[in-house]
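# Fold the following.
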Amino acid sequence: MGHLDHATFGWLTPVLSYVMACIGAALGLRCTVRALSATGRARRNWLITAASAIGTGIWTMHFVAMLGFSVTGTEIRYNVPLTILSLVVAVAVVGTGVFAVGYSRDRGRALALGGLTTGLGVASMHYLGMAALRLHGHVRYDPVLVALSVVIAVVAATAALWAGLNIKSPAAVAVASLVMGGAVSSMHYTGMIAVSVKVTPSPVTLPGATAMQFIFPLAVGLGSYLFLTSAFVALSPTADEREATASAQQPLESLSR
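Presented below is the predicted three-dimensional model:
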């Protein structure tokens with residue numbers, strides 16, 4: 001069995017991956033809050049932004065953590081199409097759950113269905129990303145720990161959607177995002193603890209791209225998207241602020257007439 005190291009660079013990748021998960025969760029929750037107070041096209045756009053933020057945050061968390069993953073006796077490369085597919089899956093399934101909550105009249109049923117769908121999708125993203133690994137050897141999983149990681153993903157997704165429905169204040173969203181980030185990180189590392197690798201040394205060059213060639217640049221790009229979108233959301237006025245501005249302008253318009 002090859003020795004697995006989940007933190008080749010020490011605490012850097014675990015901490016950074018947790019931060020990315022928290023940023024994605026916070027942005028997604030704020031966008032969901034905005035969506036629920038909007039109507040029509042505005043609601044749809046806010047929900048799309050929420051799905052992309054949460055999905056991107058989860059994916060970035062996973063692969064930033066994977067930058068610190070190594071196996072003694074073999075190099076590691078990634079299948080590029082599968083890695084990109086895992087990102088698409090993450091955003092798509094999160095979008096399914098977010099839209100279910102955003103448009104359903106029966107919020108309780110939508111929460112249960114959306115949480116289950118999103119949680120299973122997050123787990124699928126994780127294991128699809130793991131399937132993209134290319135190394136000299138065979139990867140095996142502990143089924144009990146895999147099942148536990150899926151349960152954590154479903155609970156975390158349900159909690160995130162519940163927070164989007166019930167938490168309004170920025171301070172509460174910040175606390176909820178810290179909890180969500182911890183849950184997503186716990187799901188990831190539970191899934192990673194389930195991994196064992198039987199190394200088969202070989203001189204053959206592995207197909208695919210290394211983490212620094214592909215994963216790192218993509219993670220930096222997606223991380224930049226999260227930061228820029230966070231700034232846009234923070235500067236964008238809320239529905240209450242727009243109403244207050246409109247109310248303040250009405251007397252001035254009356255006087256000008």
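# any chance you could map the helices in the protein?
Remark: helices of the chain, listed N- to C-terminal, are 12-36, 40-66, 80-103, 107-131, 143-166, 170-193, 216-235, 239-256; assignment by DSSP state H.
# Just send the ones you listed back as CSV, with mean neighbour count and distance to Leu206 too.
Backbone N, C-alpha and C define where each C-beta goes, glycine included. As requested, the helices of the chain are exported to CSV (neighbours: other Cβ atoms under 10 Å; distance: least, Cβ to Cβ, whole Å):
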stretch, mean neighbour count, distance to Leu206
helix 12-36, 24, 21
helix 40-66, 23, 15
helix 80-103, 20, 13
helix 107-131, 20, 15
helix 143-166, 20, 25
helix 170-193, 19, 20
helix 216-235, 15, 17
helix 239-256, 9, 52
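# export these to JSON lines and tack on distance to Val199?
What follows is the helices of the chain, written out as JSON lines (distance: least, Cβ to Cβ, whole Å):
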{"stretch": "helix 12-36", "distance to Val199": "22"}
{"stretch": "helix 40-66", "distance to Val199": "18"}
{"stretch": "helix 80-103", "distance to Val199": "21"}
{"stretch": "helix 107-131", "distance to Val199": "16"}
{"stretch": "helix 143-166", "distance to Val199": "20"}
{"stretch": "helix 170-193", "distance to Val199": "17"}
{"stretch": "helix 216-235", "distance to Val199": "24"}
{"stretch": "helix 239-256", "distance to Val199": "56"}
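# Those: lowest mean pLDDT?
Lowest mean pLDDT within the helices of the chain: helix 239-256, a mean of 50.
# Export stretch 215-234 to CSV, keeping only CA atoms.
Output in CSV follows, covering the C-alpha atoms of stretch 215-234 (Å, rounded to 0.1, in the frame of the first residue of the first chain):
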residue,chain,number,x,y,z
ILE,A,215,-5.9,22.2,-11.1
PHE,A,216,-4.0,25.2,-9.7
PRO,A,217,-4.6,27.7,-12.5
LEU,A,218,-8.3,26.7,-12.7
ALA,A,219,-8.7,26.9,-8.9
VAL,A,220,-7.1,30.4,-9.0
GLY,A,221,-9.5,31.5,-11.7
LEU,A,222,-12.6,30.2,-9.9
GLY,A,223,-11.4,31.7,-6.6
SER,A,224,-11.1,35.1,-8.4
TYR,A,225,-14.6,34.7,-9.7
LEU,A,226,-15.9,34.1,-6.1
PHE,A,227,-14.0,37.2,-4.8
LEU,A,228,-15.2,39.4,-7.6
THR,A,229,-18.8,38.2,-7.4
SER,A,230,-18.7,38.7,-3.6
ALA,A,231,-17.7,42.3,-4.1
PHE,A,232,-20.5,42.8,-6.6
VAL,A,233,-23.1,41.3,-4.3
ALA,A,234,-21.8,43.4,-1.4
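# Show me how far that stretch is from its chain's centre.
12 Å (Cα atoms, centre = their mean, to the nearest Å).
# what does it contact?
Judged by Cβ atoms under 8 Å, 6 or more residues apart in numbering, the contacts made with stretch 215-234 from elsewhere in the structure are 20, 23-24, 26-27, 30-31, 34, 49, 52-53, 56-57, 59-60, 63-64, 66-67, 78, 83, 87, 209.
# on that earlier part again, among the helices of the chain, which is nearest Thr72?
Between Thr72 and these, the tightest spacing by Cβ to Cβ is seen for helix 170-193, at 15.5 Å.
# now the angle between helix 216-235 and the closest one, please.
For helix 170-193 against helix 216-235, the angle between stretch directions is 160 degrees (axes from the mean of the first three to the mean of the last three Cα atoms, to 10 degrees).
# relative to helix 40-66, how tilted is helix 170-193?
Using the same axes, to 10 degrees, helix 170-193 lies at 40 degrees relative to helix 40-66.
# give me every residue that touches His62.
Ser17, Ser86, Met125, His126, Gly129, His188.
# Of all pairs in those, which one is the farthest apart?
Maximum pairwise distance among those (Cβ to Cβ): 15.0 Å, between Ser17 and Ser86.
# Hmm, Gly28 and Ala163 touching each other?
No: Ala163 is beyond contact range of Gly28, at 9.5 Å (criterion: Cβ atoms under 8 Å).
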